[in-house]
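In: Quick one, what's the 3D model for this:
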Amino acid sequence: MSARHSVEATPITPGGGARDQLLALGVTDHDAQLWAMMGPAVSATLWTYRDHALLETHRATSAHRTISATCLLHEAATTTENDTHTPRWETLIQAVIDSAPNAPLIKAVSRETNSRWEAALRSRGFAPAGVVGSPLSIEEHSDHGHALVRAWLRWNGPGVPIPAYVRQKTEFTCGPASALMALAHACGAVPAQVSHGLVEEMELWREATYSLGVGPYGLASSLARRGLAVEVLVTHDGPVVGLMRAHAASPAVRRAIHDQHVDEARGLGVHDRIGPASLKDLRGALASGKRAIMLVDLENLNGEPTPHWVYVWGIVGDCALVHDPWNDEQFGETWVETWAEALTLEQLWESAQWEETARARACILVTR
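Out: All right, here's what the predicted structure looks like:
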């Protein structure tokens, strides 16, 4: 394979042919096998220059970019001198930056401290994120090296402080994980002070569940008990999620528990508004400094049709800044992708609906 004397960008199609496509571009078999495990809703591009390559992947609906992996191509083993690594990485990083002038931020992953890769990131304006909170699940996906991941960040414009991130510890505690992030943010806890494990999530889950997941009123009650001022916005009476999945509790029992959560929330001073909502409402709430725990259809984000809660903590231009407590670790997606995720407000609003018996929206607004 001849050396590439100019930067080349090749889109990688997720699916069964991704590994062969990467191999044909000179990626080693080990890296090609891991990188090809990407989920179906990923936008992926392999950037190559000389004998260096980096993989940029982001969820197709996201407005940011993430440099998720790097490698030396096959010919590099015998042709690359050590002192050429940093400038070649710099060339590739700059190409990614130049390709996304409208992205509010660009993120990058490293797994080796004080490496030439990290030196190149620094030279291109990236800064290490440091401790971000509790970004790992309790599962083991050691092949992907999740425990070694360090995040780097470059804002395309003025940056904003990033609150603590909590990765949900189970498949069904997205709501409690989002609530833990809202609590830490409201209390002014810096990420280094947040190291939640399973205990806190399960405590919140037990308070707020009427099915496998949690409902907006139960979650709002849990936040109110812990001192937060919150408001529930839902499009109609009754449960908006959790009635269709098989469960030990019948639908009638689940409705009764939901009604109990409504009474508890109102008794704790939680205001609620039942009826239509608009993108203008969301934009105004975020612009005024409120934060939101929002119910979304995860299919719009990672291709999996399931109800899901995310924490919306900021706004930059036309983009909402989101901490999604779920990342597809089993597919190699790191928490860097779902931490400080940028979604256009329109895309977030499109994703923020779920349909069981009827199409519905649910949101918990958290004031400062």
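
In: Run through the stretch 151-300 of the chain and note the low-pLDDT ranges.
Out: 242-249 (pLDDT under 70).

In: Helices of that one, start to end?
Out: Assigned by DSSP state H, counting those that start in this stretch, the helices in the stretch 151-300 of the chain fall at 174-186, 198-208, 216-225, 251-267, 279-287, 299-302.

In: Just name the most buried of those helices.
Out: Across the helices of the stretch 151-300 of the chain, averaging neighbours per residue (mean count of other C-beta atoms under 10 Å) puts helix 174-186 on top, at a mean of 27. All C-beta spots, glycine's among them, are computed from the backbone N, C-alpha and C.

In: Redo the helices of the stretch 151-300 of the chain as JSON lines? Include distance to Val7.
Out: Compiled in JSON lines, these are given as follows (distance: least, C-beta to C-beta, whole Å):
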{"stretch": "helix 174-186", "distance to Val7": "37"}
{"stretch": "helix 198-208", "distance to Val7": "44"}
{"stretch": "helix 216-225", "distance to Val7": "47"}
{"stretch": "helix 251-267", "distance to Val7": "54"}
{"stretch": "helix 279-287", "distance to Val7": "37"}
{"stretch": "helix 299-302", "distance to Val7": "29"}
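
In: I'd like to know which of these is closest to His85.
Out: helix 299-302 (33.0 Å; C-beta to C-beta).

In: For the closest one, enumerate the helices and strands it packs against.
Out: helix 345-351 (3 or more C-beta pairs under 8 Å, 6 or more residues apart in numbering; DSSP states H and E).

In: tell me the mean pLDDT for the helix it packs on?
Out: The pLDDT scores in helix 345-351 average 97.

In: in its sheet, what does the helix or strand following it sit against?
Out: Later in the chain than helix 345-351, the nearest helix or strand by DSSP states H and E is strand 354-355. Partners of strand 354-355 in the sheet, by DSSP bridges, are strand 359-360 (antiparallel).

In: Distance from the strand it pairs with to the middle of the chain?
Out: 23 Å (C-alpha atoms, centre = their mean, to the nearest Å).

In: who does the very next helix or strand once past it pair up with?
Out: Sequence order places strand 362-366 as the next helix or strand after strand 359-360, per DSSP H and E. Strand 362-366 has its sheet partners listed here by DSSP bridges as strand 230-234 (antiparallel), strand 291-297 (antiparallel).
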